[in-house]
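**Q** any chance you can model this:
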Amino acid sequence: TDHNSRRSSLTVENTTFRNLGTGIVASPHFDAIMGTGIGASPRFDAITGCRFENLQVAIRLRPSTGGNTFTADDLNRISNNTYINNAVNIVLGGGVGPLKASLTLPSSVDGQPLVLGSFEILPNTALTVPAGATVLMEQGAQIIVGGGLQAVGTADAPIRFVPAQTTNRRDWWVGFLFRHDGTGQLEHCLFEGASIAVQNVSNNPPTLSHCTFRNNRTGIGITSGAGFNATFTAANSLFNDNDIGIDIGAGSLVVFGSAFFGNAVGVRVGGSGNATIRNSMFVANAQFAVENLRSDVTVDAKQNWWN
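**A** Sure, this is the predicted structure:
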């Protein structure tokens, strides 16, 4: 690799990577990453015929570095490798470089599920997740949506955002943060194991329906004092076994046709937030079905079923 130019390309063939932190990092910043086998820019020519064994991460792909931008074609350059006893195999993201070109996630890369690490989706750029996909989230991963996130599943082919490793932790990954004018469409999605699975401070919030939030610290969070003054709508969704199903601290929340089951708190209203809840069900929420922290606002929660 040519470290100085940051425009290098790389072919790796028939090489064994064993007992390292990371086998290959597609980034010119490899000299700052201890325990890494090889570093290169995203413009690698091929990674093929290699053996990755006993690694924390076999291959990490940066969405962009310097003047280089990751594209879907880069995923096709990874082929015919062997993966044995790694914590995770192929990760997109992880601390350096935003997503600068729109990308549709494949169902797998080199026969392995693609794991998502942390990165930002820039304005005028979209990440699309196909129906039926299981998206594994790296520990600590946060995806900041300044552009678009399209995750539209179906009843028969939902999309699952779940921890990359088996865990009962409710903060394994951070979640999706919609900010600036970041927006999207979330339908028939499962969010599990996140600190705040869907956090919104964008005044062009995503549409959300038929989603399930399970075993998170917070399912949906709208932060107080972040400048949000629009309306966030959650329709026909399930909130199960979270610390808080929905926590609204600013703007307006509209919930309808949804179920809150087995959470500590179903819906919490505080800060400058307010909420309207209709045709929804609250069952066995340990502390509060609806907790209103504001003395100056009445939460409109008529026409619901209360256990």
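**Q** quick check: which ranges of the stretch 1-150 of the chain have low pLDDT?
**A** Where the stretch 1-150 of the chain drops to pLDDT under 70, the residues are 1-9, 27-43, 65-68, 95-96.
**Q** just the helices in it please.
**A** Listed in chain order, the helices of the stretch 1-150 of the chain (DSSP state H, counting those that start in this stretch) span 72-75.
**Q** state the distance from Asp92 to Gly117.
**A** Careful, residue 92 is Leu and not Asp. 7 Å (Cβ to Cβ, to the nearest Å). For every residue, glycine as well, the C-beta is placed using N, CA and C.
**Q** between these two, what contacts are shared?
**A** When Cβ atoms under 8 Å, 6 or more residues apart in numbering defines a contact, no residue borders Leu92 and Gly117 alike.
**Q** for Ala151, give the beta-bridge partners.
**A** The partner list for Ala151 in beta bridges (DSSP bridges) reads Val129, Leu186.
**Q** list the residues that contact it.
**A** Ala151 makes contact with Thr128, Val129, Ile159, Phe161, Gly184, Gln185, Leu186, Glu187, Cys189 under the criterion Cβ under 8 Å, 6+ apart.
**Q** do I have it right that the last one meets Ala155?
**A** No: with contact defined as Cβ atoms under 8 Å, Cys189 and Ala155 do not form a contacting pair (11.8 Å).
**Q** more neighbours: those two, which one.
**A** It is Cys189, of Cys189 and Ala155, that has more neighbours when counted by other Cβ atoms under 10 Å, with 26 against 9.
**Q** do you know the pLDDT at that one?
**A** Listed pLDDT for Cys189 reads 98.
**Q** for it, give its distance to Cys50.
**A** Cys189 is 34 Å from Cys50, by Cβ to Cβ.
**Q** again with Ser118
**A** Following Cβ to Cβ, the distance that separates Ser118 from Cys50 is 25 Å.
**Q** more crowded one of these two?
**A** Cys50 (24 against 19).
**Q** mind listing what that one touches?
**A** Contacts of Cys50 (Cβ under 8 Å, 6+ apart): Val12, Glu13, Asn14, Thr15, Thr16, Phe17, Gly23, Asn81, Thr82.
**Q** in strands, which of those residues appear?
**A** Under the assignment DSSP state E, the contacts of Cys50 contribute Val12, Glu13, Thr16, Phe17, Gly23, Thr82 to strands.
**Q** chain neighbours aside, what residue packs nearest to the third one?
**A** Ranked by Cβ to Cβ, 6 or more residues apart in numbering and with sequence neighbours excluded, the top spatial neighbour of Thr16 is Arg51, at 4.5 Å.
**Q** from the contacts of Ala151, pick the one nearest Val198.
**A** Leu186 (7.0 Å; Cβ to Cβ).
**Q** report the beta-bridge partners for Leu114.
**A** With DSSP bridges as the rule, Leu114 is bridged to Ile90.
**Q** my guess is it meets Ser108, correct?
**A** Yes: judged on Cβ under 8 Å, Leu114 makes contact with Ser108 at a distance of 6.8 Å.
**Q** those two: which has the busier surroundings?
**A** Taking neighbours as other Cβ under 10 Å, Leu114 and Ser108 compare with Leu114 leading, 21 against 13.
**Q** list the contacts for the more buried one?
**A** Leu75, Ile90, Val91, Leu92, Leu105, Pro106, Ser108, Val135, Leu136.
**Q** between those residues, which is closest to Gln56?
**A** Closest approach to Gln56 among these (Cβ to Cβ): Val91, at 9.8 Å.
**Q** could you measure from that closest one over to Phe161?
**A** Distance from Val91 to Phe161, by Cβ to Cβ: 15 Å.
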